[in-house]
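Undergrad: Sequence first, then the predicted structure:
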Amino acid sequence: MSIFFKNTSRVSYFNSGEKSSAYELGCTLTDLIKEQVLSNRTIIFLCIGSDRATGDCLGPIIGYKLSKYKKYHNYHVYGTLEEPVHAKNLKDTIDMINQVHEDAFIIAIDASLGKSNHVGYITLGEGPLKPGAGVDKELPEVGDIFITGIVNFSGFLDHMLLQTTRLNVVMAMADQICLGINYSINHLRTLALR
């Protein structure tokens, strides 16, 4: 099973190298946001990162892929390869989302650094994401739920690690996360139509 750790704060880990990880991620995500969709709240996928560093491009790649899916009336994507949401515009983007989408339910997505044996794992949890924490940046916390992909190990010169991250690791996680989100969206639409 791809979940190797689950604790009481509802953080789940999925191994992107396992075939069932997208399905398990989608099921867990569905459970976390089911009530929000049924209460007709707008769901925002806020994909954070820069397209200028391989290790930081997970969010924009996911945003790019999600923006290509069929549009649904209460789902919106911010942060793509064309228009990334990064350290310089994150606060303005959060302010804009709060103005345009009243009482939105935000799912924040970003790359992260972790232990070397966790590289390639996806995390899903309740609560806000603290972008930039892995590289000592002070950015606002955001999100009701977070999804991160552990793209490289944390250590000395974390900025350099983001520059030397393998694109294959990032793309494999982006594919699994997008499949999981797509599964969840379709399942939630079915529940809302009942």
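TA: Yep, it's here.
Undergrad: Show me where this protein dips below the pLDDT cut-off.
TA: For the chain, applying pLDDT under 70 flags the ranges 1-9, 37-38, 70-73, 133-136, 155-164, 192-194.
Undergrad: element containing the spatially most central residue of it, please.
TA: The chain has Ile109 as the residue nearest its centroid, 2.3 Å off, counting by CA atoms, centre = their mean. Of the helices and strands defined by DSSP states H and E, Ile109 is found in strand 105-114.
Undergrad: strands paired with that strand, and their directions?
TA: When pairs are called by DSSP bridges, strand 105-114 turns out to pair with strand 43-47 (parallel), strand 145-153 (parallel).
Undergrad: can you pull the buried residues of the helix or strand that comes right after that strand?
TA: Of the helices and strands lying after strand 105-114 in sequence (DSSP H and E), the nearest is strand 121-126. For strand 121-126, a neighbour-count test (16 or more other CB atoms under 10 Å) marks Tyr121, Ile122, Thr123, Leu124, Gly125 as buried. Any C-beta I mention is one placed from the backbone N, CA and C, and that applies to glycine too.
Undergrad: so how far is Ala22 from the second one?
TA: Right, Ile122. Note on Ile122: its distance to Ala22, by CB to CB, to the nearest Å, is 9 Å.
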